[in-house]
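[1] Quick one, fold the following:
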Amino acid sequence: MRGAPDELVWAKAQSQGWALISGDLGFANLMTYPLGSHSGIIVGRFANEVPAVAVVRRIVVAVQALDPEEICGSLVIVEPERIRLRKA
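    Below is the predicted model:
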């Protein structure tokens, strides 16, 4: 859904019960997307120069390191050297 409006991406994830994975920091806004109101939001924070394949690998490793129950309702920020988790 690359390039789709945030509202459409959000609605699709919500309707399917999916965790949302994005590079858009707007999805990290807890006022708009409160903890516990979704199946999880994972936001990647990487420099634009980082190749997409490296970003995907890092996000996959981060998701595999977390229990699915930790992700549900939480905000996960994935950076090159760390994972930050805000639990619901």
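[2] Check which helix or strand residue 76 maps to.
    strand 75-78 (DSSP states H and E).
[3] and that strand, which strands flank it?
    Partners of strand 75-78 in the sheet, by DSSP bridges, are strand 41-44 (parallel), strand 83-86 (antiparallel).
[4] ok, residues contacting the longest helix seen in the chain?
    Longest helix in the chain by number of residues (criterion: DSSP state H): helix 52-65. With contact meaning CB atoms under 8 Å, 6 or more residues apart in numbering, helix 52-65 is reached by 21, 23, 42, 44, 46, 71, 76, 78, 80, 83. The way it works is simple: take the backbone N, C-alpha and C, and place the C-beta from them, glycine included.
[5] And the buried ones among the residues you listed, selectable in ChimeraX?
    Burial among those is assessed by 16 or more other CB atoms under 10 Å; the matching ChimeraX selection reads:
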select :21,23,42,44,46,71,76,78,83
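[6] do you know how far the residue positioned nearest the centre of the chain is from residue 21?
    Taking CA atoms, centre = their mean, the centroid of the chain lies closest to residue 42, which sits 1.4 Å from it. Distance, residue 42 to residue 21, by CB to CB, to the nearest Å: 5 Å.
[7] again, but for residue 54
    Relative to residue 21, and taking CB to CB, residue 54 is found at 15 Å.
[8] and residue 21, backbone torsions?
    When read as degrees, to the nearest 10, the backbone of residue 21 gives phi -120, psi 130.
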